[in-house]
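1. This is a predicted model, with the sequence first.
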Amino acid sequence: MKKPANSAKYACPHCGSVEYITAPNSYDVYLATAGGLQLQERAPINEKFQLHCRECSERAPAAFENVAG
Ligand SMILES: [Zn+2]
């Protein structure tokens with residue numbers, strides 16, 4: 001469902017959404033053991049912090065990523 005365009009300074013330039021999500025930057029590896037599943041390691045995918053619009057998935061401009069608190 002498309003939200004109405006928002007005029008906030010850091011709204012998405014593509015669709016106007018004001019919600020961003022981070023790109024996944026790691027995944028967890030689990031090992032099956034006698035007692036269950038045990039976390040073995042957290043493997044990095046992407047070292048760089050990236051923001052994507054939650055609505056349209058476009059990458060946020062670098063300037064937006066720099067002001068993310
Ligand atoms: Zn967007």
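-> Alright, I've got the coordinates. All figures in this text were calculated on a predicted structure; none of them were measured in a lab.
2. use CA for all of it now, contacts and neighbours both
-> Will do.
3. and the closest residue to residue 56 other than its chain neighbours, how far is that from the ion?
-> Once flanking residues are discounted, residue 56 sits nearest to residue 15: 6.8 Å by C-alpha to C-alpha, 6 or more residues apart in numbering. Residue 15 is 4 Å from the ion, where distance means C-alpha to the ion, to the nearest Å.
4. Look at residue 15 and report its pLDDT.
-> On the pLDDT scale, residue 15 is placed at 96.
5. Next: the one 3 residues further on.
-> The model reports residue 18 with a pLDDT of 95.
6. cool, and residue 61?
-> Here, the pLDDT recorded for residue 61 equals 93.
7. can you pull the buried residues of the helix or strand where residue 66 lies?
-> Assigning secondary structure by DSSP states H and E places residue 66 in helix 62-67. Buried residues in helix 62-67, defined by neighbour count with 16 or more other C-alpha atoms under 10 Å: residue 65.
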